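Predicted model follows, preceded by the sequence.
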Amino acid sequence: MERGESFDFQALKSKIEANYSNINSFAEKIPMSYVALNNKLDNKMEFTIKEIIKIVELLDIKPNEITYYFFTHIV
């Protein structure tokens with residue numbers, strides 16, 4: 001991530017909460033620790049391509065929705 005570049009993951013968080021009981025149970029499915037997932041959703045760490053692919057599969061995100069969930073800049 002470029003310095004100062006942040007993405008808005010609110011839609012992704014909402015989709016996770018709508019499909020899983022909590023973020024921790026979703027993190028286990030990726031698999032990833034709760035702390036790592038939370039750090040990524042808070043822009044403290046980047047998602048890898050493999051993680052994005054797994055999340056897209058788990059949440060049934062359509063290809064044309066990937067930008068909306070992962071690459072919407074915070075304004």
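Cool, the structure landed.

can you give me the helices in this structure?
Secondary structure of the chain by DSSP state H: the helices cover 10-19, 23-29, 34-41, 49-59, 66-70.

Now tell me what touches stretch 7-18 from outside.
Identification of contacts with stretch 7-18 by Cβ atoms under 8 Å, 6 or more residues apart in numbering yields 23, 26, 40-43, 55, 59, 61, 68-74. In this view, the C-beta of every residue, glycine as well, is placed from N, C-alpha and C.

now the helices of the chain in TSV, with mean neighbour count?
Listed next are these as TSV, based on neighbours: other Cβ atoms under 10 Å:
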stretch	mean neighbour count
helix 10-19	14
helix 23-29	15
helix 34-41	17
helix 49-59	14
helix 66-70	15
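
could the ones you listed be laid out in JSON lines, adding mean pLDDT?
Converted to JSON lines, the helices of the chain look like this (pLDDT from 0 to 100):
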{"stretch": "helix 10-19", "mean pLDDT": "97"}
{"stretch": "helix 23-29", "mean pLDDT": "96"}
{"stretch": "helix 34-41", "mean pLDDT": "97"}
{"stretch": "helix 49-59", "mean pLDDT": "98"}
{"stretch": "helix 66-70", "mean pLDDT": "98"}
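
Next, give me the two most distant ones among the contacts of stretch 7-18.
Using Cβ to Cβ, those span at most 23.6 Å, a distance reached by F26 and H73.

Next up, the contacts around F26.
F26 makes contact with I16, N19, Y20, L37, L58, according to Cβ under 8 Å, 6+ apart.

For those residues, work out which two are farthest apart.
Longest span within those, Cβ to Cβ: N19 and L37, 14.1 Å.

Give me the neighbour count for the closest residue to N43 other than its chain neighbours.
Among residues not flanking N43 along the chain, S6 sits closest, at 4.5 Å (Cβ to Cβ, 6 or more residues apart in numbering). Burial measure for S6: 13 neighbouring residues, criterion other Cβ atoms under 10 Å.
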